[in-house]
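Q: Provided below for reference: sequence and predicted model.
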Amino acid sequence: MTENDHIMDHSMRPIELDKESTTPLYQQIVEQVKAYLADGSLHIGDQLPPGRALAATLGVHRTTVINAYAELQSEGIIDSHVGRGTFVAAVPETPVSRTPRPSFTPMVWDSMFVTDPSQDRLHKLIDLQRRKDVISFACALPSPELFPLEDIRTCVNRVLRKEGQALLQIGDSFGYDPLREHLIDGLSHHGIQASMDEVLITNGCQQSLDLIRKILVQPGDTVLIENPTYPGALNVFSTRDVRCIGIPVGAEGIDLAALEHVLVHNQPKLLYTIPTFHNPTGSTLDLAGRRRLLQLASLYRVPVVEDDIYGELRYEGSPLPSLKALDDRGIVIYLNSVSKIGFPGMRVGWVVAHRAVIDRLRVARQSQDFHTNLISQAALCELSSSGLLTRHLKRVRKVYAERRNRLLSALERYFPEGTRWSRPAGGMNVWITLPRSIHASSILSEVAQLGVLFTPGEMFYGNSPQLNTMRLPFSMLDSARMEEGVKRIARVLKKHMSQTPAGPEPGKRAVLV
């Protein structure tokens, strides 16, 4: 049973909207719900669809449904309960008075928003993957069954007993001091030397990026991002008043020749890069490439924002120093968090940079919030200082390495000739390249009908998307479901490839290294 089947399993008839009508869409929804109550299609106690699901079914913005439900709730016809849903509370009475209701022109909210709803495509896939019957390769997230719940519960209890009153009070904008001290010690073991005024705790890398944009990027500025890259960075930097230039990323990491060409002809405000286990391609920039990148950034005076969120998830090979560890001029702004190693719900990240940058970031974050959740920070500090985090990391590295190997093995067994994929040494993602004639987004709906989801590669591009690409994360699926998912995708691929000319792509299957 699909989500919509569950939502519409009562006798309510489908809502039909006339988008050419002068009657606002939200009002059409209100009128049809009332009509269904009047003719008995809906009854008191019936559940209405969630706003997001109904909006998707009707092909309208979620705000349209929210406005309709707000109107019905204001009239006492429906009632919403957090965690339970929206239900019919009463049947509208037949009005005694025939006095026409005053007519007001409703606020046309859709015309006022400055963001593009198409940026939410990835989150729609996230919503779909929550269904238990779906084999989802949509998201690169830690596996929930590996969460060390008892360890976290123990650490939370410890810190609440020790300093519960302080943790429930307003904290320092820099972050929880014991955690910052612990991070500084850990960073030093990775070759990054930092002082207390060079570390800021944030609510994860997404907030870190947003704060960096606020303090460094003005309307009309140019920002360099990798192409493809993390969609959250695209959402932050690809705004109407900022010029984003995409630098190609290949199997060896960012294209340094292309980067140099762009630097010669432009004056960018910053460069955002994921040099280690890149999202989405899984590639890693080698040591010589890292030094060359810093050389170019220093020569052209361009700050480098290094996202090292996957850095701890290495399964083979020797660790490479981060750009920040190689930085001797204070040009790198280093980002990290605990979201990929196992705790995205904690919302704890950190920025390491020159003290002038950190101070500006601290001031900027006060316009959003005063500080990151203190209980999360204290619990993470306890988890790490007690050695429990190290134990957890050893476990997830072992499990994810096995899952990566099983995904690569399944791709080798089932994917047709003419497809290629990366073999990442760490991280969470394998990057698939299909023949040029096959667009990943065009086969997604067919694959979804078989109960499998993946993310088309085009969602990771700021410009010039490679439509014949897809990302397959391996962290969240056990071997049986992973293999079955690969088989179903391969079935659709083989069908489409048999119907379409192979094009200029090489016909032999190959592994990108």
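A: Perfect, thanks for sending it. Numbers count the residues shown, from 1 in each chain.
Q: low-confidence stretches in this structure?
A: Within the chain, the stretches with pLDDT under 70 are 1-12, 82, 93-108, 110-132, 500-513.
Q: next structured bit after the longest strand anywhere in it?
A: The residue-count maximum for a strand in the chain (DSSP state E) belongs to strand 243-250. Using DSSP states H and E, the next helix or strand after strand 243-250 towards the C-terminus is strand 253-254.
Q: hmm, who's touching that following strand?
A: Here strand 253-254 makes contact (C-beta atoms under 8 Å, 6 or more residues apart in numbering) with 226, 247-248, 273, 275, 278, 283-286, 289, 293. C-beta coordinates here come from the backbone N, C-alpha and C atoms, glycine included.
Q: now the helix or strand just after it: how far from the chain's centre is it?
A: Per DSSP H and E, strand 253-254 leads on to helix 256-265 as the next helix or strand towards the C-terminus. Taking C-alpha atoms, centre = their mean, to the nearest Å, the mean C-alpha location of helix 256-265 is offset from the chain mean by 28 Å.
Q: buried residues in the longest strand of the chain?
A: Going by neighbour count (16 or more other C-beta atoms under 10 Å), the buried part of strand 243-250 is 243-247, 249.
Q: nearest to His190, of those residues?
A: Of all those, Val249 has the smallest distance to His190: 23.3 Å, by C-beta to C-beta.
Q: partners of the nearest residue to that closest one once chain neighbours are set aside in the sheet?
A: With C-beta to C-beta, 6 or more residues apart in numbering as the criterion, Val249 has its nearest non-adjacent residue at 4.7 Å, and that residue is Glu226. Beta bridges link Glu226 to Ile247, judged by DSSP bridges.
Q: let me know how buried Glu226 is, in neighbour terms.
A: Glu226 has 28 neighbours, counted by other C-beta atoms under 10 Å.
Q: can you pull the domain assignment for the chain?
A: 3-113, 119-145+393-512, 149-386 (automatic domain parsing).
Q: show me how far stretch 195-208 is from its chain's centre.
A: Put simply, stretch 195-208 sits 19 Å off its chain's centre (C-alpha atoms, centre = their mean).
Q: so where do the helices sit in the stretch 51-200 of the chain?
A: With DSSP state H, counting those that start in this stretch applied, the stretch 51-200 of the chain shows helices at 51-58, 62-74, 121-129, 149-167, 177-189, listed in chain order.
Q: those: which one's closest to Val447?
A: For Val447, the closest of the helices of the stretch 51-200 of the chain is helix 121-129, at 11.8 Å, according to C-beta to C-beta.
Q: quick check: longest helix of the chain.
A: helix 388-414 (DSSP state H).
Q: how far off helix 177-189 does that helix point, in degrees?
A: Put simply, helix 388-414 runs at 60 degrees to helix 177-189, going by axes from the mean of the first three to the mean of the last three C-alpha atoms, to 10 degrees.
Q: what's the angle between helix 388-414 and helix 149-167?
A: Using the same axes, to 10 degrees, helix 388-414 lies at 140 degrees relative to helix 149-167.
Q: make CSV from the helices of the stretch 51-200 of the chain and add distance to Gly427 to it.
A: Listed next are the helices of the stretch 51-200 of the chain as CSV, based on distance: least, C-beta to C-beta, whole Å:
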stretch, distance to Gly427
helix 51-58, 30
helix 62-74, 32
helix 121-129, 18
helix 149-167, 24
helix 177-189, 20
